[in-house]
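Asker: I'd like to go over a predicted model; first the sequence, then the structure.
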Amino acid sequence: MSNAFTDTIFGSNTIIIDNGTHSIKAGISGDDKPRVIIPPLVAKHPKIAHYTAIGHDAIAATQKKKKDFNNNDLLTPMGFQNHLSESNNKYTLQLSSPIEKNVIHHFEDMEKIWDYILENKLKLSTELNGVIITENPTIIDDNNSLDINNNNNQQLQLVEKQREKMTEVFFESFNIPFFYVGIPQVFSLYSIGKTNGFVIDFGNSYTTGISILDGIAINLNSSSLNNSLDNKFDLLNTNFSLGIAGKELTDYLMKLLLDNKVRINTAAEKECVEIMKKRFSYVSIDFTKEMKKIQSEQLENKEFQLPDGKIVSIGKERFVSTEVLFQPKLLSFAASQSEKSHVPKGVSGSFGFLEKKFGNLGVHELTHQSIVNFEENIQEILFSNIVISGGTSLIEGLQERLLRDVKREIALKKKTNVSQTKVKVIAPKKREYSAWLGASILSSFSGFYGVEENNSGFSNSFAMSRKTYLEEGARAIHKHYNK
């Protein structure tokens, strides 16, 4: 291969962008972690259109004291949006996020964020560097409900429209040589050198579990594989999405503290709850036994100093707040009791879970329910390769509790002993970057490009070339999705 086209491809880097509601991770293939991690925020002047700030700069631009926001743990999009609403429009710039619940609602602002990352942070020529970007399969309808198993026409059109728009933006605005849209859970599996497994992404908006065989996510518009499996087992319930994730855990922890008469009024204090969650929260192996420690005074309390100097002691809240991943009914109960709680007026509005309806199935039950739809031999493969990823998966004790409860579910349904069940839950060390790392690994394979020197194009490749885009348009991206 010696022509200009192939020299451009193999003489350049691949840019990896992992879109998220809480943060966007970006970097160069071959690195061991992202070079850029920023909140997906844009600060705009209401009258001066060209004046904008992105990410951390957006937060600093909307605050009087930039030094107050040096701690990355304080950077959460929804938290600062709440802060601005409390400021009575004190600041000139308006802060917003173009991506919410994994859906891009404002592509113009999203393009500004991508441009900022590529030009200002990575400082790479987009004409010489292709892009791999993640697309979370969780799509919300107008009723705030989600079903990644049910590919009805409305959902499918929404998914495809967003994918096509991303394709158009990167080829038209950034003039890239190639583009690939991938599923974060599949990339997470690649990050540990596997192509078969059940990956649970514990994100900020949703906890999503997806069955993956031979590198393909089952029942996510992957017709070639699905058609070959339709006669073997039911594909309609091989994935799940739970509307309880990082934000709900933070909100619930805040409510528990408020119920314990801990004053949390200012934006800075609310952001401190996010920090407390990251530092002190854990998942109990046995919730009942952990609750008994409270009565016997064996439970360890942790102390945290609020911005005003007040010391907050956090005890049972550390594990009760995370138990909702396994017992969603606790959130439903909290919502029903909200009027009796000590939640001040104006604060309860920040609790999204108070308006949501949750089922009774926890993450362990949903995982078991998804996997048992396959034949016995495939069940064994998936149960032995349960992988957790995402920032929320870093919570202490989550891996052990998920392992215990999935094993119990299998034993209960098969009426056998827990010791006879074979389950493995894998928690990669850098699992908050798993999707990004997996995409980087994928780009290192020569088959990712599939370049043919004769036509200077891509043949049977993962990536979509600019040549294909010019000839077939943005809709051609679907042929390169989930393959």
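Answerer: Thanks, I have it.

Asker: and the most centrally placed residue in the chain, what does it touch?
Answerer: Centroid check for the chain by CA atoms, centre = their mean gives residue 203 as the closest residue, at 3.6 Å. When contacts are counted by CB atoms under 8 Å, 6 or more residues apart in numbering, residue 203 touches 20-22, 102, 136, 245-246, 390-392. Every residue, glycine included, has its C-beta placed from N, CA and C.

Asker: Now that we have these, can you turn them into CSV and tack on pLDDT and distance to residue 284?
Answerer: Listed next are those as CSV, based on pLDDT from 0 to 100; distance: CB to CB, whole Å:
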residue, pLDDT, distance to residue 284
20, 91, 27
21, 90, 27
22, 90, 25
102, 80, 29
136, 84, 29
245, 93, 19
246, 94, 18
390, 95, 20
391, 94, 20
392, 96, 16
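
Asker: what about burial for these, which qualify?
Answerer: Buried members of these, scored by 16 or more other CB atoms under 10 Å, are 20-22, 102, 136, 245-246, 390-392.

Asker: Can I get these in JSON lines including distance to residue 261 and secondary structure?
Answerer: What follows is these, written out as JSON lines (distance: CB to CB, whole Å; DSSP: H, G, I helix; E, B strand; the rest coil):
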{"residue": "20", "distance to residue 261": "34", "secondary structure": "coil"}
{"residue": "21", "distance to residue 261": "31", "secondary structure": "coil"}
{"residue": "22", "distance to residue 261": "29", "secondary structure": "coil"}
{"residue": "102", "distance to residue 261": "36", "secondary structure": "coil"}
{"residue": "136", "distance to residue 261": "38", "secondary structure": "coil"}
{"residue": "245", "distance to residue 261": "27", "secondary structure": "coil"}
{"residue": "246", "distance to residue 261": "25", "secondary structure": "helix"}
{"residue": "390", "distance to residue 261": "33", "secondary structure": "coil"}
{"residue": "391", "distance to residue 261": "30", "secondary structure": "helix"}
{"residue": "392", "distance to residue 261": "27", "secondary structure": "helix"}
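
Asker: Show me where the stretch 51-200 of the chain has its helices.
Answerer: Here the stretch 51-200 of the chain has its helices, by DSSP state H, counting those that start in this stretch, at 55-61, 77-86, 107-115, 153-172, 184-190.

Asker: To what extent is the residue nearest to residue 55 when sequence neighbours are not counted buried, counted in neighbours?
Answerer: With sequence-adjacent residues excluded and distances taken as CB to CB, 6 or more residues apart in numbering, residue 55 is closest to residue 38, at 3.3 Å. Using other CB atoms under 10 Å, residue 38 has 22 other residues around it.

Asker: ok now do residue 38, which residues does it touch?
Answerer: Residue 38 makes contacts with 23-24, 54-56, 113, 117, 121, as judged by CB under 8 Å, 6+ apart.

Asker: What of residue 299?
Answerer: Residue 299 touches 290, 293, 315-316, counting by CB under 8 Å, 6+ apart.

Asker: same check, this time on residue 114
Answerer: Residue 114 neighbours (CB under 8 Å, 6+ apart): 17, 169-170, 174.

Asker: Which of the contacts of residue 38 sits closest to residue 217?
Answerer: Among those, residue 24 lies closest to residue 217 (CB to CB), at 21.7 Å.

Asker: Where does the nearest residue to that closest one once chain neighbours are set aside sit, in terms of helix or strand?
Answerer: Closest residue to residue 24 apart from its sequence neighbours, by CB to CB, 6+ apart: residue 40 at 5.2 Å. Under DSSP states H and E, no helix or strand contains residue 40.

Asker: hmm, back to that, and the residue nearest to the centre of the chain, how far from residue 383?
Answerer: To residue 383, residue 203 is 23 Å away according to CB to CB, to the nearest Å.

Asker: Please apply the same query to residue 481.
Answerer: The gap separating residue 481 from residue 383 is 27 Å, by CB to CB.

Asker: Of those two, which one has the most company?
Answerer: The residue with more neighbours, out of residue 481 and residue 383, is residue 383; 23 against 20, by other CB under 10 Å.

Asker: Check the spacing between the more buried one and residue 163 real quick.
Answerer: Residue 383 is 31 Å from residue 163, by CB to CB.

Asker: before we move on, back to that, most packed of the helices of the stretch 51-200 of the chain?
Answerer: Mean neighbours per residue, mean count of other CB atoms under 10 Å, is largest over these for helix 184-190, with a mean of 27.

Asker: For the residue nearest to residue 390 when sequence neighbours are not counted, report the pLDDT, please.
Answerer: Nearest non-adjacent residue to residue 390, counting by CB to CB, 6+ apart: residue 202, 4.2 Å away. Here, the pLDDT recorded for residue 202 equals 96.

Asker: What's the local residue count around residue 202?
Answerer: Using other CB under 10 Å, the number of residues around residue 202 comes to 27.

Asker: any low-confidence regions in this structure?
Answerer: 1-12, 49-50, 63-92, 138-153, 155, 220-236, 333-358, 449-461 (pLDDT under 70).

Asker: change it to 80
Answerer: Per-residue confidence of the chain (counting by pLDDT under 80) places the weak regions at 1-12, 45-51, 61-93, 137-157, 219-236, 265-268, 296-297, 332-359, 446-461, 483.

Asker: Please enumerate the strands of the stretch 1-150 of the chain.
Answerer: Under the criterion DSSP state E, counting those that start in this stretch, strands of the stretch 1-150 of the chain are mapped to 14-18, 24-28, 36-38, 42-44, 52-54, 94-96, 99-100, 103-104, 130-134.

Asker: any idea how far residue 207 is from the residue nearest to residue 178 when sequence neighbours are not counted?
Answerer: With sequence-adjacent residues excluded and distances taken as CB to CB, 6+ apart, residue 178 is closest to residue 130, at 3.7 Å. Distance from residue 130 to residue 207, counting by CB to CB: 31 Å.

Asker: try residue 20
Answerer: 14 Å.

Asker: before we move on, back to that, could you export the buried ones among the contacts of residue 203 as TSV, including distance to residue 428?
Answerer: Converted to TSV, the buried ones among the contacts of residue 203 look like this (distance: CB to CB, whole Å):
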residue	distance to residue 428
20	17
21	21
22	19
102	21
136	19
245	19
246	18
390	11
391	13
392	14
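
Asker: Tell me what the nearest residue to residue 13 once chain neighbours are set aside is bridged to.
Answerer: Among residues not flanking residue 13 along the chain, residue 28 sits closest, at 4.7 Å (CB to CB, 6+ apart). Per DSSP bridges, the residues bridged to residue 28 are residue 15.

Asker: ditto for the one 10 residues further on
Answerer: Applying DSSP bridges to residue 38 yields these beta-bridge partners: residue 24.

Asker: on that earlier part again, ok, so of the contacts of residue 114, who is nearest residue 407?
Answerer: If you rank these by distance to residue 407 using CB to CB, residue 17 comes first, at 37.0 Å.

Asker: That closest one touches residue 29, doesn't it?
Answerer: No - assessed by CB atoms under 8 Å, residue 17 is found out of contact with residue 29, at 11.3 Å.
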